[in-house]
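no FASTA, just this:
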């Protein structure tokens, strides 16, 4: 790479991270107080049936989450989580090809499972790839183009584990503060880039900070760009514990948890793997398993 190219890359990286520092991470500041997500509905209301079963990257069947062996968990100072049950044949969420997209922050299920979603893509710690490879904990990745474009390849081993890549805009703006055409370009351009890089069009969208999730303008923009649902969250992981929206500060079956690709600078010295280990420990303490979000969602019929 030329000196000018390196300079542009450094300028981009500083700019993208500076944007996150101003209002970092979709309701989570990596260690302080997280703003609650806008009110979303619980997913699970029956919609017209149809469509193929959930698939993994490049259309391959997504394997059911499997627990890593005890030695692998011990390496990360953790006790093994109970394996998630087999994905339901009758998906609680059934998406339609056209029309208004649903907004939800949890999945209606009797399975004692929660779902981990990780946003943005700023921290690209190789140890985290090693950790997920060994523990086999499923995640969903909501990636922001301007934050990941300097290293699209980092996320491909995570995708190869069966984890899905979803849409989180190009530049991480406050969506309600930009005009409709800009909203559309933020979503559509991220959709195009992620589809090109990872071989599968994102099915789900998450607005930065959860902002504008329930507005007709944003819903229309999402419809025009391809994702078929807007996904919010019930809990957000900070550094060592979660911030809860529920007054009892407890996980519920089907809760969607928000975390971020963050490192020591944002996590007050903690690493991405330490933060994720603490998240898994908090989940285990409450007796839950981790399932793959997309295994509970039926895509629209082809």
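Perfect, thanks for sending it. Worth saying up front: this structure is predicted, and the values here are computed from it rather than measured.

what's near enough to touch residue 101?
When contacts are counted by C-beta atoms under 8 Å, 6 or more residues apart in numbering, residue 101 is found next to 95, 205, 219, 222, 223, 227, 228, 229, 230. No exception for glycine: its C-beta is placed from N, CA and C like everyone else's.

Number of residues surrounding the last one?
Looking back up the chat, that one is residue 230. 24 (other C-beta atoms under 10 Å).

Now do the residue lying closest to it once chain neighbours are set aside against residue 257, distance only.
Distance criterion C-beta to C-beta, 6 or more residues apart in numbering; nearest residue to residue 230, sequence neighbours excluded, is residue 103 at 4.4 Å. Note on residue 103: its distance to residue 257, by C-beta to C-beta, to the nearest Å, is 17 Å.

quick revisit: show me which of the contacts of residue 101 is closest to residue 143.
residue 205 (11.3 Å; C-beta to C-beta).

thought the closest one was touching residue 183?
No: using C-beta atoms under 8 Å, residue 205 is not in contact with residue 183; the gap is 10.9 Å.

Nearest the geometric middle of the chain, what residue?
residue 117 (3.1 Å; C-alpha atoms, centre = their mean).

So which elements touch the helix or strand hosting it?
Using DSSP states H and E, the element containing residue 117 is strand 113-120. Packing partners of strand 113-120 (3 or more C-beta pairs under 8 Å, 6 or more residues apart in numbering; DSSP states H and E): strand 140-143, strand 256-260, strand 289-291.

would you list the ones you listed in CSV and tack on mean neighbour count, distance to residue 132 and mean pLDDT?
Conversion of the helices and strands packed on strand 113-120 to CSV gives the following (neighbours: other C-beta atoms under 10 Å; distance: least, C-beta to C-beta, whole Å; pLDDT from 0 to 100):
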stretch, mean neighbour count, distance to residue 132, mean pLDDT
strand 140-143, 25, 11, 98
strand 256-260, 25, 12, 98
strand 289-291, 23, 11, 98
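
low-scoring stretches of this structure, by residue?
1-68 (pLDDT under 70).

where exactly do the helices run in it?
Assigned by DSSP state H, the chain shows helices spanning 3-22, 70-75, 126-135, 145-148, 156-160, 180-198, 216-225, 272-285.

which of those is buried the deepest?
Ranked by mean neighbour count, the helices of the chain are led by helix 145-148 with a mean of 24 (mean count of other C-beta atoms under 10 Å).

Please name every helix or strand in contact with that one.
helix 3-22, helix 180-198.

hmm, try it at 6 Å
For helix 145-148, not one helix or strand is in contact under the criterion 3 or more C-beta pairs under 6 Å, 6 or more residues apart in numbering; DSSP states H and E.

for that helix, the distance to its chain's centre please.
Remark: helix 145-148 is offset 14 Å from the chain centroid, using C-alpha atoms, centre = their mean, to the nearest Å.

What lies in contact with it?
Residues outside helix 145-148 that contact it (C-beta atoms under 6 Å, 6 or more residues apart in numbering) are 16, 120, 121, 122, 170, 171, 190, 193.

quick revisit: right, so of the helices and strands packed on strand 113-120, which gets closest to residue 215?
strand 140-143 (18.7 Å).

what lines up beside that closest one in the sheet?
Within its sheet, strand 140-143 is paired with strand 113-120 (parallel), strand 164-167 (parallel), according to DSSP bridges.

among the ones you listed, which is nearest residue 264?
From the strands paired with strand 140-143, taking C-beta to C-beta, the stretch that ends up closest is strand 113-120, at 15.9 Å.
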